[in-house]
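Trainee: all I have is the shape, not the residue letters:
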Ligand SMILES: [Zn+2]
């Protein structure tokens, strides 16, 4: 009996890993050189079933190059929770400076013209608001080691929920941000970040993985020195901010991977992946295209679901 059970557990774990691999949406690396495994679309694998019902409320607008697949979006002010994983008291960009910059960035995103692009997405009961708030962040110095895979990230997030380190909130987005000494299968080779959802501590938890992109500047950073990079720090914080914008837009407009994506499986931010539009030059020579919360940032555009659809830097702005 024991060995039977052990075999069953092993099989179950394998199935869970398979499901996890199929049920996440990833930001491709910069050159769009998708490797195997990048085709992680929610349709066609038999696991994520899009609701057959089409748009039926006033809130849902279609016909702009991206399709509504029947699932919910996250509405109201979206709570953000962060798990800083690994060594964030280290060198380069693995420091408290990055923590502070990302915290500031999330505050700056909320209700910005840029984030309001996401308010063009809705479900049958309402639209995305464009507001978010950082509710709580915790540090995990490495409970799952430095070689991560999805199941280990799940375990680390689950531990925070069950211990009460973070609240269990199905309406929030959990950002799992790892320091550059931490590897994650597929990170830097197939994707710069991804988001997914799964049942953790009894709730449908939406989470995203974003690694410190100083691990692979050529694949996941548009420039090695960003507008907020300090001497010797690398562009990690600036590059992570770009990936965080991408993944939060998707986690909010397609939280259960059954709401908004096009016929190729691309979610809104995927359709503008590493496309920035016009830029300006910061005092340190870096390019930027957004000023949020009093700081300059280089952030990819998002797909606006109105006016025929297109990538823009602010709601109602020019398409590039
Ligand atoms: Zn994406």
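Mentor: Yes, it's here. Note that the structure is predicted; figures quoted are calculated from it, not measured.

Trainee: so which bits of stretch 129-144 are buried?
Mentor: Buried residues in stretch 129-144, counted by 16 or more other Cβ atoms under 10 Å: 129, 130, 131, 132, 134, 137, 140, 142, 144. Where you see a C-beta, it was placed from the backbone N, CA and C, and this is true even at glycine.

Trainee: and the residue of the stretch 151-300 of the chain that's closest to the ion?
Mentor: residue 270 (4.2 Å; Cβ to the ion).

Trainee: and the chain, which residues reach the ion?
Mentor: Those residues of the chain that sit near the ion, judged by Cβ under 5 Å from the ion, are 27, 250, 269, 270.

Trainee: let's see it at 6 Å
Mentor: Residues of the chain lying close to the ion (Cβ under 6 Å from the ion) are 25, 27, 246, 250, 267, 269, 270.

Trainee: quick revisit: might one say that the residue of the stretch 151-300 of the chain closest to the ion is in contact with residue 65?
Mentor: No. Using Cβ atoms under 8 Å, residue 270 makes no contact with residue 65, being 11.9 Å away.

Trainee: which one's more surrounded, the two?
Mentor: Taking other Cβ atoms under 10 Å, residue 270 and residue 65 do not tie; residue 270 has more neighbours (23 against 16).

Trainee: in what helix or strand does residue 299 lie?
Mentor: Using DSSP states H and E, residue 299 is not contained in any helix or strand.

Trainee: what is the neighbour count of it?
Mentor: Count around residue 299 with other Cβ under 10 Å applied: 25.

Trainee: give the contact list for it.
Mentor: 114, 241, 242, 245, 276, 289, 290, 292 (Cβ atoms under 8 Å, 6 or more residues apart in numbering).

Trainee: could I get the pLDDT score of it?
Mentor: Per-residue confidence at residue 299 stands at 98 (pLDDT).

Trainee: tell me how far it lies from residue 102.
Mentor: 13 Å (Cβ to Cβ, to the nearest Å).

Trainee: return the set of buried residues in the helix or strand harbouring residue 157.
Mentor: Using DSSP H and E, residue 157 maps to helix 150-163. Within helix 150-163, the residues scored as buried using 16+ other Cβ under 10 Å are 150, 152, 153, 154, 156, 157, 158, 159, 160, 161.
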